[in-house]
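1. mind looking at a prediction? Sequence and model below.
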Amino acid sequence: MMSFNELGLSSPLLKAIEEQGYTTPSPIQTKSIPVILKGGDVLASAQTGTGKTAGFTLPLLENLTNKKVDTKSTKGKRPIRALILTPTRELAAQVHDNVQAYSKFLDIRSMVMFGGVNQKQHIHSLRGGIDILVSTPGRLLDLESQGYLSLANIETLILDEADRMLDMGFVHDIKKIIKLVPKKRQTLLFSATFSKEIKALAHDFLVNPVMVEATPENTTAQRVEHSLYRLDRTRKTELAVKLIKEGDWQQVLVFTRTKHGANRLSDKLEKAGITSAAIHGNKSQNARVAALRKFKDGGIRVLVATDIAARGLDIPLLPHVINFELPNVPEDYVHRIGRTGRAGASGNAVSLVGIDEEDYVFDIERLLKQTISEKTIEGFARSSTPTPEDREPPLSGGGRFGRNTPNKNRGSGRGKPAGGKAPGQNPKGHKPRNSNNPDEKPTYKRRPRRRK
Ligand code: AMP
């Protein structure tokens, strides 16, 4: 097995790695670090939990340190030389934490920016001059259009969780940002899945990229044991409580499809005596950070999250994931269960499947090319005469037909919906924008360019 020494990183970085307690590079690190050090473009398939952040941050820091900065055009101020774009605030904050940890022994300045917080602090930090900027697309374009920052000196552009950025409707923002950075640059694109759209983006913006994969495309981590229970939707809370209590699960990440569902479930778990918090796009940044901290510290047993909010959460060694509702995008299933079994530990993911979710099971199994094993618990089998409530998918929040589409447009539960439309299409046959992100649409406002 390779060591960090052999990858060509210099001693300040090796020292920081040692402080983090990493002994051996992860597969994505072994593959991506040498290519990035040589200055090549990279198209990497890697989920959170594979060590991808260090995979691009370590060689980035090495390259920035080794190259002399030209501050002539910036009147002696440090120009922004690297831009890391992330889809969510949580991921931005987490990536920046990593950048800071790894650059501890280097003369590198970095900062993180995202929407939802006052921009004054960002502007103040930008004035001081920074080398690496980690940002979500909206706030970046906002401050750029106001003249507070320039991307003209970017040497390396990193798109982290690019698939999620596209899912969230950021494609136009990404294209705008790419126009603002120099043509001659290094571009690194990290994505959990390689969809057609990602491949198109890579084709347009990367030059002869080296493809690296942490795990084979769209396959679930081998070490994650995943299974499902088929039951009536009205009994899901009861089963979740039973599994958590009787299994003595102490740290459980539970996914719901909607933010209201997350709140409701969290309340119900609390009432059942299981400490819990919900985390989603309607919560303030502070509330999300506080909930996550409590969860990590063992202050609460359950974190209920929507897909978007959970994206980028850095929760090492997570033992249990419950899909309280299956995601309507099959790739999200891969992301979700990838949250368990991290850093070599074994993980366990269970899905609670109502009769209205059989289509999703079908899509997920087709993507994984495997059948998810079914478990049963006495007393929880699906009733042979489901109530209308059991049959209907939740109304709010980005079902397959977009938000709040009446159920009458669906078929009768199993099989394809009425009208014969393909999954993910609305009755007009168009894929709805943001169909799978009820939480966090980019809702920033453009301000007019500031006059100088
Ligand atoms: P990431 O996939 O970047 O979100 O990283 C997932 C977790 O793995 C983070 O908690 C990192 O601190 C940790 N990590 C990254 N690289 C290594 C490594 N080589 N050895 C052990 N842990 C690592």
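-> Received the coordinates, thanks. Values in this document were obtained by computation on a predicted structure and should not be read as measured data.
2. what's the closest non-adjacent residue to residue 130?
-> Leaving aside its sequence neighbours, residue 130 sits nearest to residue 109 (C-beta to C-beta, 6 or more residues apart in numbering; 4.5 Å). C-betas here are computed from N, CA, C, even on glycine.
3. list the contacts for the one you found?
-> 78, 128, 129, 130, 131, 132 (C-beta atoms under 8 Å, 6 or more residues apart in numbering).
4. then residue 256?
-> Per C-beta under 8 Å, 6+ apart, neighbours of residue 256: 262, 265, 304, 305, 306, 324, 325.
5. got a list of what the first one touches?
-> Looking back up the chat, that one is residue 262. Neighbours of residue 262 in contact, by C-beta under 8 Å, 6+ apart: 256, 278, 279, 280, 304, 305, 306, 309.
6. can you do 7 Å?
-> Residue 262 makes contact with 256, 278, 280, 304, 305, 306, according to C-beta atoms under 7 Å, 6 or more residues apart in numbering.
7. spatially nearest residue to residue 303 (excluding sequence neighbours)?
-> Spatial nearest neighbour of residue 303, chain neighbours left out: residue 295 (4.3 Å); criterion: C-beta to C-beta, 6+ apart.
8. and for that neighbour, the neighbour number?
-> As a burial measure, residue 295 scores 24 neighbours (other C-beta atoms under 10 Å).
9. for it, give its distance to the ligand.
-> 14 Å (C-beta to the nearest ligand atom, to the nearest Å).
10. helix, strand or coil for that residue?
-> helix (DSSP: H, G, I helix; E, B strand; the rest coil).
11. where's it relative to residue 275, distance?
-> Here the criterion is C-beta to C-beta, to the nearest Å. By it, residue 295 lies 9 Å from residue 275.
12. the domain parsing of this protein - what is it?
-> Domains of the chain are assigned by automatic domain parsing as 4-213, 224-391.
13. can you redo those domains as JSON lines with mean pLDDT?
-> Output for the domains of the chain, formatted as JSON lines (pLDDT from 0 to 100):
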{"stretch": "domain 4-213", "mean pLDDT": "93"}
{"stretch": "domain 224-391", "mean pLDDT": "86"}
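14. just checking, residue 134 touches residue 103?
-> No - look at residue 134 against residue 103 with C-beta atoms under 7 Å: they stay out of range, at 11.8 Å.
15. those two: which is more packed in?
-> Neighbour tally, residue 134 and residue 103, criterion other C-beta under 10 Å: the higher count belongs to residue 134, 29 against 23.
16. A strand includes that one, no?
-> Yes - under three-state DSSP, residue 134 falls within a strand.
17. shared neighbours of residue 134 and residue 103, anything?
-> residue 110.
18. OK, contacts around the closest residue to residue 235 other than its chain neighbours?
-> Using C-beta to C-beta, 6+ apart and skipping residues adjacent in sequence, the residue nearest residue 235 is residue 380, 6.2 Å away. By C-beta under 7 Å, 6+ apart, the contact set of residue 380 is 229, 231, 235, 239.
19. change it to 8 Å
-> So residue 380 contacts 229, 231, 235, 238, 239 (C-beta under 8 Å, 6+ apart).
20. among those, which are in strands?
-> Assigned to strands by DSSP state E, the following of these qualify: residue 229.
21. what's the closest of the contacts of residue 380 to the ligand?
-> residue 229 (28.9 Å; C-beta to the nearest ligand atom).
22. number of nearby residues for the closest one?
-> Residue 229: 21 neighbours (other C-beta under 10 Å).
23. contacts only, for the closest residue to residue 35 other than its chain neighbours.
-> For residue 35, ignoring the flanking residues on the chain, the nearest one in space by C-beta to C-beta, 6+ apart is residue 210 at 4.6 Å. Neighbouring residues of residue 210 by C-beta under 8 Å, 6+ apart: 35, 40, 41, 42, 43.
24. residue 210 and the ligand: what is the separation?
-> The separation that residue 210 has from the ligand, given C-beta to the nearest ligand atom, amounts to 19 Å.
25. go on, residue 233?
-> Counting by C-beta to the nearest ligand atom - residue 233 and the ligand are separated by 33 Å.
26. what does residue 19 give?
-> 11 Å.
27. same check, this time on residue 7
-> Applying C-beta to the nearest ligand atom to residue 7 and the ligand gives a distance of 10 Å.
28. was I right to think that residue contacts residue 31?
-> No - applying C-beta atoms under 8 Å as the test, residue 7 and residue 31 come out as separate, 10.3 Å apart.
29. on that earlier part again, need the contacts of residue 109 in JSON lines with secondary structure and neighbour count, can you?
-> Shown next, in JSON lines, are the contacts of residue 109 (DSSP: H, G, I helix; E, B strand; the rest coil; neighbours: other C-beta atoms under 10 Å):
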{"residue": "78", "secondary structure": "coil", "neighbour count": "16"}
{"residue": "128", "secondary structure": "coil", "neighbour count": "10"}
{"residue": "129", "secondary structure": "coil", "neighbour count": "15"}
{"residue": "130", "secondary structure": "coil", "neighbour count": "20"}
{"residue": "131", "secondary structure": "coil", "neighbour count": "24"}
{"residue": "132", "secondary structure": "strand", "neighbour count": "25"}
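30. from these, pick the one nearest the ligand.
-> Checking those one by one against the ligand (C-beta to the nearest ligand atom), the nearest turns out to be residue 132, at 15.7 Å.
31. show me what contacts that closest one?
-> 60, 64, 80-84, 99, 103, 108-111.
32. and if we set it to 6 Å?
-> 82, 99, 110 (C-beta atoms under 6 Å, 6 or more residues apart in numbering).
33. same check on residue 114?
-> 89, 92, 136, 139.
34. any idea which element the last one lies in?
-> What it means is residue 139. helix 137-145 (DSSP states H and E).
35. so how far is that helix off the chain centroid?
-> 20 Å (C-alpha atoms, centre = their mean, to the nearest Å).
36. is the next helix or strand after it up against the ligand anywhere?
-> Counting by DSSP H and E, the next helix or strand C-terminal to helix 137-145 is strand 156-159. No - Strand 156-159 lies apart from the ligand when judged by C-beta under 6 Å from any ligand atom; the minimum separation is 12.3 Å.
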